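*Asks:* using only what follows, build the 3D model:
(chains A and B)
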Number of protein chains: 2
Amino acid sequence: MEVAAALYRPRAWILTIGNELLVGRIVNTNASWLAERLTLLGAVVRRIVTVADDLDDIAQSFREAAAAADIVVSTGGLGPTDDDMTMEGLALAAGRPLVLHPEALRMVERFYRARGYGLTRERVKMAWLPAGARPIPNPVGAAPGAHLWLGRAQVFALPGVPAEMKAMFESYVVEALKPILPGLCVREAAKVYRGIPESSLAPLLRRAARACSDCYTKSHPKGHEVNEPVIEVRVMASAESCGEAESKARRVLEELDRLLEEAGSVGG
Amino acid sequence: MEVAAALYRPRAWILTIGNELLVGRIVNTNASWLAERLTLLGAVVRRIVTVADDLDDIAQSFREAAAAADIVVSTGGLGPTDDDMTMEGLALAAGRPLVLHPEALRMVERFYRARGYGLTRERVKMAWLPAGARPIPNPVGAAPGAHLWLGRAQVFALPGVPAEMKAMFESYVVEALKPILPGLCVREAAKVYRGIPESSLAPLLRRAARACSDCYTKSHPKGHEVNEPVIEVRVMASAESCGEAESKARRVLEELDRLLEEAGSVGG
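*Replies:* Got it, this is the predicted structure:
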(Lines give C-alpha, C1' and ligand atoms only; values in the text may rest on other atoms or scores of the structure.)
Protein backbone atom coordinates (compact mmCIF):
# COMPACT_ATOMS: atom_id res chain seq x y z
CA MET A 1 0.00 0.00 0.00
CA GLU A 2 1.31 3.45 -0.92
CA VAL A 3 1.78 6.23 1.58
CA ALA A 4 -0.97 8.36 0.05
CA ALA A 5 -3.53 5.59 0.46
CA ALA A 6 -2.73 5.32 4.16
CA LEU A 7 -3.69 8.94 4.82
CA TYR A 8 -7.06 9.34 6.43
CA ARG A 9 -9.47 11.16 4.22
CA PRO A 10 -12.57 12.25 6.16
CA ARG A 11 -15.91 11.15 4.78
CA ALA A 12 -18.35 13.89 3.80
CA TRP A 13 -22.08 13.97 3.12
CA ILE A 14 -23.78 16.85 1.35
CA LEU A 15 -27.38 17.61 2.25
CA THR A 16 -29.34 19.87 -0.07
CA ILE A 17 -32.67 20.96 1.32
CA GLY A 18 -35.54 22.42 -0.68
CA ASN A 19 -38.77 21.52 -2.43
CA GLU A 20 -37.61 23.38 -5.53
CA LEU A 21 -34.95 20.66 -6.02
CA LEU A 22 -37.43 17.81 -5.58
CA VAL A 23 -39.86 19.15 -8.17
CA GLY A 24 -36.97 19.73 -10.57
CA ARG A 25 -37.47 23.47 -10.76
CA ILE A 26 -33.76 24.09 -10.31
CA VAL A 27 -30.62 22.06 -11.02
CA ASN A 28 -28.51 21.25 -7.98
CA THR A 29 -25.38 23.23 -8.76
CA ASN A 30 -24.72 23.75 -5.04
CA ALA A 31 -24.15 20.01 -4.65
CA SER A 32 -21.66 19.76 -7.51
CA TRP A 33 -19.78 22.86 -6.36
CA LEU A 34 -19.48 21.55 -2.80
CA ALA A 35 -18.56 18.06 -4.01
CA GLU A 36 -15.67 19.42 -6.03
CA ARG A 37 -14.40 21.72 -3.28
CA LEU A 38 -14.57 18.99 -0.62
CA THR A 39 -12.83 16.49 -2.91
CA LEU A 40 -10.07 18.95 -3.73
CA LEU A 41 -9.57 19.61 -0.03
CA GLY A 42 -8.97 15.91 0.56
CA ALA A 43 -12.37 14.72 1.81
CA VAL A 44 -14.22 11.81 0.22
CA VAL A 45 -17.81 12.73 -0.59
CA ARG A 46 -19.76 9.54 0.03
CA ARG A 47 -23.33 10.70 -0.48
CA ILE A 48 -25.42 13.63 -1.64
CA VAL A 49 -28.98 13.73 -0.34
CA THR A 50 -31.80 16.06 -1.34
CA VAL A 51 -34.84 16.32 0.92
CA ALA A 52 -37.95 18.47 1.06
CA ASP A 53 -38.71 21.45 3.30
CA ASP A 54 -40.15 19.00 5.78
CA LEU A 55 -39.12 18.94 9.43
CA ASP A 56 -38.97 15.16 9.85
CA ASP A 57 -37.20 14.59 6.53
CA ILE A 58 -34.60 17.21 7.41
CA ALA A 59 -34.02 15.83 10.91
CA GLN A 60 -33.77 12.25 9.67
CA SER A 61 -31.31 13.10 6.91
CA PHE A 62 -29.09 14.98 9.39
CA ARG A 63 -29.15 11.95 11.70
CA GLU A 64 -28.25 9.56 8.86
CA ALA A 65 -25.49 11.86 7.63
CA ALA A 66 -23.97 12.35 11.09
CA ALA A 67 -23.96 8.59 11.70
CA ALA A 68 -22.06 7.89 8.47
CA ALA A 69 -19.82 10.89 7.88
CA ASP A 70 -17.17 13.03 9.55
CA ILE A 71 -18.26 16.18 7.74
CA VAL A 72 -21.81 17.18 6.87
CA VAL A 73 -22.47 20.28 4.78
CA SER A 74 -26.06 21.32 4.23
CA THR A 75 -27.47 24.00 1.97
CA GLY A 76 -30.86 25.66 2.03
CA GLY A 77 -33.64 26.35 4.47
CA LEU A 78 -32.07 29.20 6.48
CA GLY A 79 -34.20 32.08 5.21
CA PRO A 80 -36.95 34.10 6.87
CA THR A 81 -39.98 32.17 5.62
CA ASP A 82 -41.81 29.44 7.52
CA ASP A 83 -40.79 26.78 5.02
CA ASP A 84 -37.15 27.46 5.88
CA MET A 85 -36.76 24.92 8.68
CA THR A 86 -33.22 23.61 8.51
CA MET A 87 -32.27 25.01 11.95
CA GLU A 88 -35.35 23.42 13.49
CA GLY A 89 -34.60 20.07 11.79
CA LEU A 90 -30.98 20.23 12.91
CA ALA A 91 -32.05 20.98 16.50
CA LEU A 92 -34.47 18.05 16.36
CA ALA A 93 -31.73 15.74 15.06
CA ALA A 94 -29.39 16.91 17.83
CA GLY A 95 -32.03 16.61 20.53
CA ARG A 96 -31.45 20.22 21.53
CA PRO A 97 -33.71 23.26 21.69
CA LEU A 98 -33.53 26.18 19.30
CA VAL A 99 -32.18 29.26 21.07
CA LEU A 100 -32.03 32.90 20.03
CA HIS A 101 -28.27 33.27 19.61
CA PRO A 102 -27.08 36.76 20.66
CA GLU A 103 -24.16 36.84 18.20
CA ALA A 104 -26.36 35.62 15.34
CA LEU A 105 -28.95 38.24 16.22
CA ARG A 106 -26.28 40.94 16.07
CA MET A 107 -25.29 39.68 12.59
CA VAL A 108 -28.86 39.82 11.33
CA GLU A 109 -29.50 43.21 12.96
CA ARG A 110 -26.29 44.68 11.54
CA PHE A 111 -27.23 43.47 8.03
CA TYR A 112 -30.65 45.14 8.08
CA ARG A 113 -29.57 48.28 10.00
CA ALA A 114 -26.90 48.96 7.38
CA ARG A 115 -29.66 49.00 4.78
CA GLY A 116 -32.13 51.07 6.78
CA TYR A 117 -34.37 48.24 7.89
CA GLY A 118 -35.36 47.16 11.38
CA LEU A 119 -36.03 43.74 12.81
CA THR A 120 -39.25 41.82 12.22
CA ARG A 121 -40.31 38.41 13.47
CA GLU A 122 -39.20 36.90 10.12
CA ARG A 123 -35.76 38.49 10.36
CA VAL A 124 -35.25 37.54 14.00
CA LYS A 125 -36.17 33.95 13.06
CA MET A 126 -32.83 33.67 11.22
CA ALA A 127 -30.93 34.11 14.53
CA TRP A 128 -32.47 31.05 16.22
CA LEU A 129 -29.85 28.29 16.18
CA PRO A 130 -29.67 24.84 17.80
CA ALA A 131 -28.28 25.23 21.33
CA GLY A 132 -24.50 24.89 21.29
CA ALA A 133 -24.10 25.88 17.64
CA ARG A 134 -21.73 28.62 16.51
CA PRO A 135 -23.16 31.10 14.01
CA ILE A 136 -21.32 31.24 10.68
CA PRO A 137 -21.03 34.84 9.44
CA ASN A 138 -22.70 35.52 6.09
CA PRO A 139 -20.62 38.12 4.22
CA VAL A 140 -23.16 38.35 1.38
CA GLY A 141 -26.68 37.98 2.76
CA ALA A 142 -28.72 38.13 5.92
CA ALA A 143 -29.00 34.56 7.23
CA PRO A 144 -26.13 33.28 9.40
CA GLY A 145 -25.17 29.62 9.09
CA ALA A 146 -24.56 27.20 11.94
CA HIS A 147 -21.60 25.03 12.91
CA LEU A 148 -22.07 22.27 15.46
CA TRP A 149 -21.10 18.74 16.40
CA LEU A 150 -23.68 16.04 15.86
CA GLY A 151 -22.25 12.90 17.40
CA ARG A 152 -18.77 12.58 15.89
CA ALA A 153 -19.65 14.60 12.79
CA GLN A 154 -19.11 18.30 12.23
CA VAL A 155 -22.15 19.89 10.65
CA PHE A 156 -22.10 23.11 8.64
CA ALA A 157 -25.53 24.50 7.75
CA LEU A 158 -25.21 27.00 4.91
CA PRO A 159 -27.82 28.98 2.95
CA GLY A 160 -29.16 27.84 -0.42
CA VAL A 161 -28.34 31.06 -2.32
CA PRO A 162 -25.18 30.02 -4.19
CA ALA A 163 -23.24 33.27 -3.68
CA GLU A 164 -23.86 33.18 0.08
CA MET A 165 -23.13 29.45 0.36
CA LYS A 166 -19.83 29.75 -1.52
CA ALA A 167 -18.64 32.81 0.41
CA MET A 168 -19.37 31.13 3.74
CA PHE A 169 -17.72 27.88 2.69
CA GLU A 170 -14.53 29.68 1.64
CA SER A 171 -14.38 32.09 4.57
CA TYR A 172 -15.42 29.73 7.38
CA VAL A 173 -15.76 26.04 6.51
CA VAL A 174 -12.34 25.67 4.89
CA GLU A 175 -10.68 27.14 8.00
CA ALA A 176 -12.76 25.08 10.39
CA LEU A 177 -11.93 21.84 8.55
CA LYS A 178 -8.17 22.42 8.33
CA PRO A 179 -7.37 20.37 11.45
CA ILE A 180 -9.11 17.24 10.12
CA LEU A 181 -8.26 17.45 6.42
CA PRO A 182 -5.17 15.60 5.24
CA GLY A 183 -3.82 18.54 3.23
CA LEU A 184 -3.75 16.35 0.12
CA CYS A 185 -3.20 17.76 -3.31
CA VAL A 186 -5.68 16.46 -5.90
CA ARG A 187 -4.90 16.56 -9.60
CA GLU A 188 -6.75 15.38 -12.68
CA ALA A 189 -5.49 14.25 -16.08
CA ALA A 190 -7.89 13.88 -19.05
CA LYS A 191 -7.69 12.79 -22.66
CA VAL A 192 -10.27 12.40 -25.42
CA TYR A 193 -10.29 9.22 -27.55
CA ARG A 194 -12.13 9.01 -30.89
CA GLY A 195 -13.18 6.08 -33.05
CA ILE A 196 -13.22 3.41 -30.34
CA PRO A 197 -16.50 2.22 -28.76
CA GLU A 198 -16.48 2.37 -24.96
CA SER A 199 -16.84 -1.40 -24.78
CA SER A 200 -13.60 -1.84 -26.74
CA LEU A 201 -11.79 0.75 -24.68
CA ALA A 202 -13.05 -0.74 -21.40
CA PRO A 203 -10.76 -3.79 -21.13
CA LEU A 204 -7.69 -1.71 -21.98
CA LEU A 205 -8.69 0.99 -19.53
CA ARG A 206 -9.15 -1.63 -16.84
CA ARG A 207 -5.60 -2.81 -17.43
CA ALA A 208 -4.22 0.72 -17.59
CA ALA A 209 -5.90 1.64 -14.31
CA ARG A 210 -3.65 -0.89 -12.57
CA ALA A 211 -0.78 1.54 -13.13
CA CYS A 212 -2.11 3.51 -10.16
CA SER A 213 -3.95 1.64 -7.43
CA ASP A 214 -5.43 4.69 -5.70
CA CYS A 215 -6.26 6.71 -8.77
CA TYR A 216 -9.82 7.25 -9.85
CA THR A 217 -10.29 6.37 -13.51
CA LYS A 218 -13.51 6.83 -15.43
CA SER A 219 -14.53 6.91 -19.07
CA HIS A 220 -17.23 9.30 -20.22
CA PRO A 221 -18.95 8.63 -23.55
CA LYS A 222 -19.42 11.99 -25.25
CA GLY A 223 -21.16 10.74 -28.40
CA HIS A 224 -23.06 7.69 -29.58
CA GLU A 225 -21.33 4.45 -28.66
CA VAL A 226 -20.71 3.30 -32.22
CA ASN A 227 -22.02 5.86 -34.73
CA GLU A 228 -19.59 8.47 -33.46
CA PRO A 229 -17.70 7.15 -30.50
CA VAL A 230 -16.01 9.99 -28.62
CA ILE A 231 -14.82 9.06 -25.18
CA GLU A 232 -13.17 11.19 -22.58
CA VAL A 233 -10.99 9.37 -20.09
CA ARG A 234 -10.37 11.18 -16.82
CA VAL A 235 -8.02 10.16 -14.08
CA MET A 236 -7.99 11.80 -10.66
CA ALA A 237 -5.15 11.28 -8.25
CA SER A 238 -4.27 12.75 -4.90
CA ALA A 239 -0.98 12.86 -3.10
CA GLU A 240 0.89 14.83 -0.50
CA SER A 241 2.61 16.83 -3.23
CA CYS A 242 0.89 18.22 -6.33
CA GLY A 243 3.69 17.02 -8.59
CA GLU A 244 3.23 13.50 -7.34
CA ALA A 245 -0.56 13.68 -7.80
CA GLU A 246 -0.16 14.88 -11.37
CA SER A 247 2.36 12.22 -12.35
CA LYS A 248 0.19 9.49 -10.81
CA ALA A 249 -2.79 10.56 -12.92
CA ARG A 250 -0.68 10.89 -16.08
CA ARG A 251 0.80 7.44 -15.57
CA VAL A 252 -2.63 5.85 -16.21
CA LEU A 253 -3.20 7.75 -19.47
CA GLU A 254 0.31 6.93 -20.68
CA GLU A 255 -0.30 3.26 -19.96
CA LEU A 256 -3.63 3.44 -21.84
CA ASP A 257 -1.92 5.03 -24.86
CA ARG A 258 0.69 2.28 -24.80
CA LEU A 259 -1.98 -0.45 -24.70
CA LEU A 260 -3.96 1.18 -27.52
CA GLU A 261 -0.87 1.38 -29.68
CA GLU A 262 -0.14 -2.27 -28.88
CA ALA A 263 -3.69 -3.16 -29.93
CA GLY A 264 -3.31 -1.15 -33.14
CA SER A 265 -6.28 1.06 -32.38
CA VAL A 266 -6.80 4.70 -33.19
CA GLY A 267 -5.75 6.88 -30.28
CA GLY A 268 -5.78 10.55 -29.30
CA MET B 1 -60.39 18.87 2.50
CA GLU B 2 -60.66 19.25 -1.26
CA VAL B 3 -61.12 16.32 -3.61
CA ALA B 4 -57.69 16.77 -5.20
CA ALA B 5 -55.95 16.47 -1.85
CA ALA B 6 -57.58 13.12 -1.21
CA LEU B 7 -56.07 11.53 -4.32
CA TYR B 8 -53.18 9.25 -3.60
CA ARG B 9 -49.95 10.53 -5.07
CA PRO B 10 -47.28 7.81 -5.05
CA ARG B 11 -43.98 8.66 -3.39
CA ALA B 12 -40.88 8.54 -5.55
CA TRP B 13 -37.16 8.41 -4.80
CA ILE B 14 -34.53 9.19 -7.40
CA LEU B 15 -31.17 7.44 -7.12
CA THR B 16 -28.29 8.82 -9.14
CA ILE B 17 -25.26 6.59 -9.17
CA GLY B 18 -21.74 7.61 -10.14
CA ASN B 19 -18.44 8.80 -8.73
CA GLU B 20 -18.40 11.66 -11.22
CA LEU B 21 -21.34 13.21 -9.35
CA LEU B 22 -19.70 12.83 -5.93
CA VAL B 23 -16.49 14.54 -7.00
CA GLY B 24 -18.50 17.32 -8.61
CA ARG B 25 -17.23 16.67 -12.10
CA ILE B 26 -20.72 16.89 -13.54
CA VAL B 27 -23.93 18.62 -12.46
CA ASN B 28 -26.84 16.29 -11.78
CA THR B 29 -29.22 17.32 -14.56
CA ASN B 30 -30.64 13.77 -14.70
CA ALA B 31 -32.05 14.25 -11.20
CA SER B 32 -33.76 17.55 -11.96
CA TRP B 33 -35.18 16.26 -15.24
CA LEU B 34 -36.61 13.15 -13.56
CA ALA B 35 -37.90 15.17 -10.61
CA GLU B 36 -39.87 17.45 -12.90
CA ARG B 37 -41.25 14.63 -15.02
CA LEU B 38 -42.32 12.56 -12.00
CA THR B 39 -43.93 15.60 -10.35
CA LEU B 40 -45.84 16.49 -13.49
CA LEU B 41 -47.07 12.90 -13.74
CA GLY B 42 -48.55 13.19 -10.26
CA ALA B 43 -45.89 11.52 -8.10
CA VAL B 44 -44.34 13.24 -5.09
CA VAL B 45 -40.55 13.08 -5.19
CA ARG B 46 -39.49 12.70 -1.56
CA ARG B 47 -35.77 12.23 -1.87
CA ILE B 48 -32.90 12.35 -4.33
CA VAL B 49 -29.83 10.34 -3.36
CA THR B 50 -26.43 10.26 -5.06
CA VAL B 51 -24.06 7.42 -4.23
CA ALA B 52 -20.70 6.23 -5.51
CA ASP B 53 -19.94 3.35 -7.89
CA ASP B 54 -19.66 1.14 -4.81
CA LEU B 55 -21.54 -2.12 -4.51
CA ASP B 56 -22.56 -1.77 -0.87
CA ASP B 57 -23.54 1.88 -1.21
CA ILE B 58 -25.70 1.08 -4.24
CA ALA B 59 -27.39 -1.90 -2.58
CA GLN B 60 -28.05 0.04 0.63
CA SER B 61 -29.53 3.03 -1.17
CA PHE B 62 -31.86 0.76 -3.18
CA ARG B 63 -32.98 -0.88 0.08
CA GLU B 64 -33.63 2.48 1.75
CA ALA B 65 -35.48 3.78 -1.30
CA ALA B 66 -37.67 0.69 -1.66
CA ALA B 67 -38.60 0.83 2.03
CA ALA B 68 -39.75 4.45 1.79
CA ALA B 69 -41.11 4.91 -1.73
CA ASP B 70 -43.60 3.45 -4.20
CA ILE B 71 -41.46 4.34 -7.20
CA VAL B 72 -37.67 4.24 -7.42
CA VAL B 73 -35.90 5.51 -10.52
CA SER B 74 -32.15 5.10 -10.72
CA THR B 75 -29.71 6.45 -13.27
CA GLY B 76 -26.17 5.37 -14.03
CA GLY B 77 -23.99 2.32 -13.66
CA LEU B 78 -25.39 0.17 -16.49
CA GLY B 79 -22.48 0.40 -18.91
CA PRO B 80 -19.89 -2.18 -19.95
CA THR B 81 -17.11 -1.22 -17.52
CA ASP B 82 -16.40 -2.90 -14.20
CA ASP B 83 -17.29 0.23 -12.25
CA ASP B 84 -20.81 0.03 -13.67
CA MET B 85 -22.38 -2.07 -10.93
CA THR B 86 -25.97 -0.93 -10.56
CA MET B 87 -27.42 -4.30 -11.65
CA GLU B 88 -25.21 -6.11 -9.16
CA GLY B 89 -26.18 -3.68 -6.38
CA LEU B 90 -29.85 -4.03 -7.23
CA ALA B 91 -29.56 -7.84 -7.20
CA LEU B 92 -27.84 -7.64 -3.82
CA ALA B 93 -30.60 -5.38 -2.44
CA ALA B 94 -33.25 -7.77 -3.77
CA GLY B 95 -31.46 -10.86 -2.44
CA ARG B 96 -31.53 -12.40 -5.91
CA PRO B 97 -28.79 -13.61 -8.25
CA LEU B 98 -27.79 -11.85 -11.43
CA VAL B 99 -28.87 -13.87 -14.46
CA LEU B 100 -28.01 -13.55 -18.14
CA HIS B 101 -31.38 -12.42 -19.48
CA PRO B 102 -32.06 -13.87 -22.98
CA GLU B 103 -34.20 -10.92 -24.12
CA ALA B 104 -31.67 -8.39 -22.81
CA LEU B 105 -28.88 -10.28 -24.56
CA ARG B 106 -30.82 -10.11 -27.84
CA MET B 107 -31.17 -6.32 -27.36
CA VAL B 108 -27.45 -5.88 -26.80
CA GLU B 109 -26.54 -8.21 -29.65
CA ARG B 110 -28.94 -6.48 -32.04
CA PHE B 111 -27.45 -3.08 -31.16
CA TYR B 112 -23.87 -4.14 -31.92
CA ARG B 113 -24.72 -6.39 -34.92
CA ALA B 114 -26.47 -3.46 -36.61
CA ARG B 115 -23.22 -1.54 -36.34
CA GLY B 116 -20.94 -4.36 -37.45
CA TYR B 117 -19.67 -5.35 -34.01
CA GLY B 118 -19.81 -8.70 -32.25
CA LEU B 119 -20.23 -9.53 -28.60
CA THR B 120 -17.43 -9.26 -26.04
CA ARG B 121 -17.43 -10.04 -22.34
CA GLU B 122 -17.98 -6.30 -21.64
CA ARG B 123 -20.98 -6.12 -23.97
CA VAL B 124 -22.54 -9.32 -22.66
CA LYS B 125 -22.16 -7.92 -19.12
CA MET B 126 -24.92 -5.41 -19.94
CA ALA B 127 -27.45 -8.26 -20.35
CA TRP B 128 -27.03 -9.62 -16.81
CA LEU B 129 -30.08 -8.49 -14.79
CA PRO B 130 -31.34 -9.34 -11.31
CA ALA B 131 -33.45 -12.52 -11.52
CA GLY B 132 -37.09 -11.64 -12.13
CA ALA B 133 -36.38 -8.24 -13.69
CA ARG B 134 -37.78 -7.18 -17.06
CA PRO B 135 -35.30 -5.58 -19.44
CA ILE B 136 -36.19 -2.03 -20.50
CA PRO B 137 -35.41 -1.48 -24.20
CA ASN B 138 -32.89 1.26 -24.91
CA PRO B 139 -33.86 2.98 -28.17
CA VAL B 140 -30.71 5.13 -28.17
CA GLY B 141 -27.79 3.17 -26.76
CA ALA B 142 -26.58 -0.33 -25.97
CA ALA B 143 -27.39 -0.96 -22.31
CA PRO B 144 -30.91 -2.19 -21.45
CA GLY B 145 -32.49 -0.99 -18.23
CA ALA B 146 -34.26 -3.12 -15.65
CA HIS B 147 -37.75 -3.00 -14.15
CA LEU B 148 -38.50 -5.02 -11.02
CA TRP B 149 -40.37 -5.04 -7.75
CA LEU B 150 -38.35 -4.54 -4.60
CA GLY B 151 -40.73 -5.12 -1.72
CA ARG B 152 -43.72 -2.88 -2.50
CA ALA B 153 -41.71 -0.49 -4.65
CA GLN B 154 -41.33 -0.56 -8.40
CA VAL B 155 -37.73 0.02 -9.41
CA PHE B 156 -36.62 1.33 -12.79
CA ALA B 157 -32.87 1.21 -13.40
CA LEU B 158 -31.96 3.52 -16.28
CA PRO B 159 -28.59 4.46 -17.82
CA GLY B 160 -26.72 7.63 -16.89
CA VAL B 161 -26.37 9.00 -20.43
CA PRO B 162 -29.13 11.66 -20.48
CA ALA B 163 -30.43 10.95 -24.00
CA GLU B 164 -30.78 7.23 -23.23
CA MET B 165 -32.32 7.83 -19.79
CA LYS B 166 -34.92 10.26 -21.15
CA ALA B 167 -35.88 8.07 -24.12
CA MET B 168 -36.36 5.04 -21.86
CA PHE B 169 -38.33 7.02 -19.29
CA GLU B 170 -40.74 8.33 -21.94
CA SER B 171 -41.11 5.09 -23.88
CA TYR B 172 -41.28 2.64 -20.97
CA VAL B 173 -41.51 4.12 -17.46
CA VAL B 174 -44.42 6.45 -18.18
CA GLU B 175 -46.45 3.53 -19.56
CA ALA B 176 -45.48 1.19 -16.72
CA LEU B 177 -46.50 3.76 -14.09
CA LYS B 178 -49.89 4.63 -15.58
CA PRO B 179 -51.82 2.20 -13.37
CA ILE B 180 -50.49 3.73 -10.15
CA LEU B 181 -50.35 7.41 -11.07
CA PRO B 182 -53.37 9.54 -10.24
CA GLY B 183 -53.56 11.14 -13.69
CA LEU B 184 -53.30 14.57 -12.07
CA CYS B 185 -52.71 17.68 -14.06
CA VAL B 186 -50.01 19.91 -12.55
CA ARG B 187 -49.80 23.60 -13.38
CA GLU B 188 -47.56 26.40 -12.21
CA ALA B 189 -48.16 30.13 -11.92
CA ALA B 190 -45.26 32.55 -11.40
CA LYS B 191 -44.77 36.27 -10.91
CA VAL B 192 -41.74 38.49 -10.27
CA TYR B 193 -41.86 41.14 -7.54
CA ARG B 194 -39.34 43.99 -7.35
CA GLY B 195 -38.45 46.43 -4.56
CA ILE B 196 -39.61 44.32 -1.63
CA PRO B 197 -37.17 42.38 0.56
CA GLU B 198 -38.06 38.70 0.94
CA SER B 199 -38.54 39.17 4.67
CA SER B 200 -41.23 41.81 4.00
CA LEU B 201 -42.92 39.71 1.36
CA ALA B 202 -42.86 36.58 3.55
CA PRO B 203 -45.73 37.40 5.97
CA LEU B 204 -47.99 38.45 3.07
CA LEU B 205 -47.10 35.38 1.07
CA ARG B 206 -47.87 33.21 4.08
CA ARG B 207 -51.33 34.75 4.24
CA ALA B 208 -51.86 34.50 0.49
CA ALA B 209 -50.89 30.82 0.49
CA ARG B 210 -53.98 30.12 2.59
CA ALA B 211 -56.05 30.75 -0.54
CA CYS B 212 -55.09 27.24 -1.66
CA SER B 213 -54.43 24.62 0.99
CA ASP B 214 -52.81 22.06 -1.30
CA CYS B 215 -50.84 24.43 -3.48
CA TYR B 216 -47.08 24.64 -3.23
CA THR B 217 -45.92 28.22 -2.82
CA LYS B 218 -42.31 29.32 -2.73
CA SER B 219 -40.43 32.58 -3.07
CA HIS B 220 -37.08 32.64 -4.85
CA PRO B 221 -34.77 35.61 -4.25
CA LYS B 222 -33.21 36.49 -7.59
CA GLY B 223 -31.07 39.40 -6.43
CA HIS B 224 -29.63 40.77 -3.21
CA GLU B 225 -32.14 40.84 -0.39
CA VAL B 226 -32.11 44.61 0.08
CA ASN B 227 -29.74 46.26 -2.39
CA GLU B 228 -31.80 45.05 -5.33
CA PRO B 229 -34.57 42.81 -4.12
CA VAL B 230 -36.03 40.84 -7.00
CA ILE B 231 -38.20 37.95 -5.92
CA GLU B 232 -39.94 35.39 -8.02
CA VAL B 233 -43.00 33.81 -6.45
CA ARG B 234 -44.00 30.44 -7.87
CA VAL B 235 -47.13 28.50 -7.11
CA MET B 236 -47.63 24.91 -8.19
CA ALA B 237 -51.03 23.28 -8.08
CA SER B 238 -52.37 19.96 -9.20
CA ALA B 239 -55.91 18.89 -9.90
CA GLU B 240 -57.87 16.38 -11.89
CA SER B 241 -58.42 18.95 -14.61
CA CYS B 242 -55.76 21.30 -15.96
CA GLY B 243 -58.09 24.29 -15.85
CA GLU B 244 -58.72 23.67 -12.18
CA ALA B 245 -54.99 23.31 -11.46
CA GLU B 246 -54.24 26.58 -13.21
CA SER B 247 -56.93 28.55 -11.45
CA LYS B 248 -55.86 27.18 -8.06
CA ALA B 249 -52.30 28.38 -8.64
CA ARG B 250 -53.43 31.77 -9.92
CA ARG B 251 -55.69 32.28 -6.92
CA VAL B 252 -52.63 32.49 -4.63
CA LEU B 253 -50.89 35.13 -6.76
CA GLU B 254 -54.07 37.18 -7.03
CA GLU B 255 -54.43 37.07 -3.26
CA LEU B 256 -50.79 38.15 -2.87
CA ASP B 257 -51.34 41.10 -5.24
CA ARG B 258 -54.40 42.11 -3.25
CA LEU B 259 -52.48 41.98 0.05
CA LEU B 260 -49.57 43.98 -1.41
CA GLU B 261 -51.93 46.66 -2.67
CA GLU B 262 -53.59 46.73 0.74
CA ALA B 263 -50.16 47.18 2.37
CA GLY B 264 -49.31 49.97 -0.11
CA SER B 265 -46.19 48.21 -1.33
CA VAL B 266 -44.67 48.19 -4.80
CA GLY B 267 -45.89 45.21 -6.77
CA GLY B 268 -45.32 43.56 -10.15
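*Asks:* please count neighbours and contacts with C-alpha atoms only from this point.
*Replies:* Will do.
*Asks:* worst-scoring helix or strand of chain A, pLDDT-wise?
*Replies:* helix A:3-6 (a mean of 46; mean pLDDT, DSSP states H and E).
*Asks:* what's the following helix or strand after it?
*Replies:* The C-terminal neighbour of helix A:3-6 among helices and strands, as given by DSSP states H and E, is strand A:11-17.
*Asks:* relative to that following strand, what are the paired strands and their orientations?
*Replies:* Next to strand A:11-17 in the sheet, as set by DSSP bridges, lie strand A:44-51 (parallel), strand A:71-75 (parallel).
*Asks:* out of those strands, nearest to A:R187?
*Replies:* Ranking those by proximity to A:R187 (Cα to Cα) places strand A:44-51 first, at 14.4 Å.
*Asks:* residues of the helix or strand containing A:K166 that come out buried?
*Replies:* Element membership for A:K166 (DSSP H and E) is helix A:162-168. Residues A:E164, A:M165, A:K166, A:A167, A:M168 are the ones in helix A:162-168 that count as buried (16 or more other Cα atoms under 10 Å in any protein chain shown).
*Asks:* ok, stretch A:232-244 next?
*Replies:* Using 16+ other Cα under 10 Å as the test for burial, stretch A:232-244 gives A:E232, A:V233, A:R234, A:V235, A:M236, A:A237, A:S238, A:A239, A:E240, A:E244.
*Asks:* narrow these to those in strands?
*Replies:* Judged by DSSP state E, strands contain the following of these: A:E232, A:V233, A:R234, A:V235, A:M236, A:A237, A:S238, A:A239.
*Asks:* for the spatially closest residue to the first one that is not a sequence neighbour, give its distance to chain B.
*Replies:* Taking Cα to Cα, 6 or more residues apart in numbering or on different chains as the measure, A:E232 lies nearest to A:V192, with 4.2 Å between them; neighbours along the chain are not counted. Using Cα to the nearest Cα, to the nearest Å, one gets 16 Å for the distance from A:V192 to chain B.
*Asks:* that older thread, against which helices or strands is the helix or strand that the helix holding A:K166 is followed by packed?
*Replies:* On the C-terminal side of helix A:162-168, the closest following helix or strand by DSSP H and E is helix A:174-177. Helices and strands touching helix A:174-177, as assessed by 3 or more Cα pairs under 8 Å, 6 or more residues apart in numbering or on different chains; DSSP states H and E, are absent.
*Asks:* now the element after helix A:174-177, going C-ward?
*Replies:* Once helix A:174-177 ends, the next helix or strand along the chain (criterion: DSSP H and E) is strand A:185-194.
*Asks:* residues contacting the next helix or strand after that next one, please?
*Replies:* Following strand A:185-194 in sequence order, the next helix or strand is helix A:198-209 (DSSP H and E). For helix A:198-209, contacts defined as Cα atoms under 8 Å, 6 or more residues apart in numbering or on different chains pick out A:215, A:217, A:219, A:221, A:225, A:229, A:231, A:252-253, A:255-256, A:259-260, B:80-82, B:120, B:122-123.
*Asks:* please repeat the previous calculation with a cut-off of 7 Å.
*Replies:* Identification of contacts with helix A:198-209 by Cα atoms under 7 Å, 6 or more residues apart in numbering or on different chains yields A:T217, A:P221, A:E225, A:I231, A:V252, A:E255, A:L256, A:L259, B:P80, B:T81, B:E122, B:R123.
*Asks:* please list the residues of chain A that sit near chain B.
*Replies:* Residues of chain A lying close to chain B (Cα under 7 Å from any Cα of the partner chain) are A:21-29, A:32-33, A:35-36, A:39, A:45-52, A:80-81, A:115, A:122-123, A:141, A:199, A:202, A:225-226.
*Asks:* run the last query once more with 6 Å
*Replies:* Taking Cα under 6 Å from any Cα of the partner chain as the contact definition, chain A meets chain B at A:22-24, A:27, A:32, A:35-36, A:39, A:45, A:47-51, A:80-81, A:122, A:199, A:202.
*Asks:* which helix or which strand is home to A:T39?
*Replies:* Take DSSP H and E as the rule and A:T39 turns out to sit in helix A:29-40.
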